[in-house]
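> Curious how this folds, go ahead:
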Amino acid sequence: MLIDYRRQTLLFNPEKFQEASIAIIGLGNIGSHTALTLARLGIQNFKLWDFDTVEIHNLSSQAFSLYDLSQKKNEIVKNKITRLNEHANIKLFEKFETKDISELNENDIIIIAIDTMKGRKEIYEQLNNANKRINLLIDSRVGGNQLEIYNCNNLEEWKKTFVDNPSQDPCGGRFICYTSIITGALITNQIKKFLTNSTLDKSIMFNVDTMETIKDFNW
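Numbering: from 1, shown residues only. Okay, the predicted model is just below:
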């Protein structure tokens, strides 16, 4: 490994969790920061979905730089992870499709980081039609200075978080850079808690400006 984890092992020792596997669907505002934060935590196994390329407007909030422009987001994130940990096991995919469901296993922690409610509902239908069982699915959403995180242990829990009249802005359509970074950090913290058998909050709503936190609110 390229990272020296000694300063964090009293809080989280990655050697105990080398089999942990993370599937991230969407590598934009939330997904790109989450992937790199998890890599720094010591997670080694990743399945990454994104079909998009890096554009100039992505640089203000996503984990990319000028050197990454016009390149595929999934390939760039893979390269950044392997520069942190050359032993990382990373599989890349484009747009999430029904044929990809076989790539998911029950031990995968699934992170939903796409930017539309329509896309979430499509993924739900694909997983539900395949009778896919999940271990933990984390759905995260950002807008302005507010973020939301939902920890779901089955598909029906996830479905309850859907809204019929979402904001017309895509997730992250109006935001500021640190909201995305904080979201990635909080998701990583939830995964650390899950792996170490600590109690998870079913839901978290956090306003970065007011520092107001609401946990376990009704869905």
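> C-alpha only now, for contacts and for neighbours.
Will do.
> So Val142 belongs to a strand, correct?
Yes - following the definition DSSP: H, G, I helix; E, B strand; the rest coil, Val142 is counted among the residues of a strand.
> Where do the helices of this protein begin and end?
Taking DSSP state H as the criterion, the chain carries its helices at 29-41, 73-84, 117-129, 155-159, 177-195.
> Just say which of those helices is most tucked in.
helix 29-41 (a mean of 25; mean count of other CA atoms under 10 Å).
> How far does that one sit from its chain's centre?
Per CA atoms, centre = their mean, to the nearest Å, the displacement of helix 29-41 from the mean C-alpha position of its chain is 7 Å.
> Show me what it is packed against.
Helix 29-41 sits against strand 21-25, helix 73-84, helix 177-195, with contacts defined as 3 or more CA pairs under 8 Å, 6 or more residues apart in numbering; DSSP states H and E.
> pLDDT weak spots in this structure?
Within the chain, the set of residues satisfying pLDDT under 70 comprises 1-2, 166-174, 218-219.
> and Ile149, which of the helices of the chain is closest to it?
Taking CA to CA, helix 177-195 is the member of these nearest to Ile149, at 7.5 Å.
> Which elements pack onto that closest one?
Helices and strands in packing contact with helix 177-195 are listed as helix 29-41, strand 136-143, strand 146-152; criterion 3+ CA pairs under 8 Å, 6+ apart.
> Distance to Leu104 added to these, as TSV?
Listed next are the helices and strands packed on helix 177-195 as TSV, based on distance: least, CA to CA, whole Å:
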stretch	distance to Leu104
helix 29-41	17
strand 136-143	12
strand 146-152	16
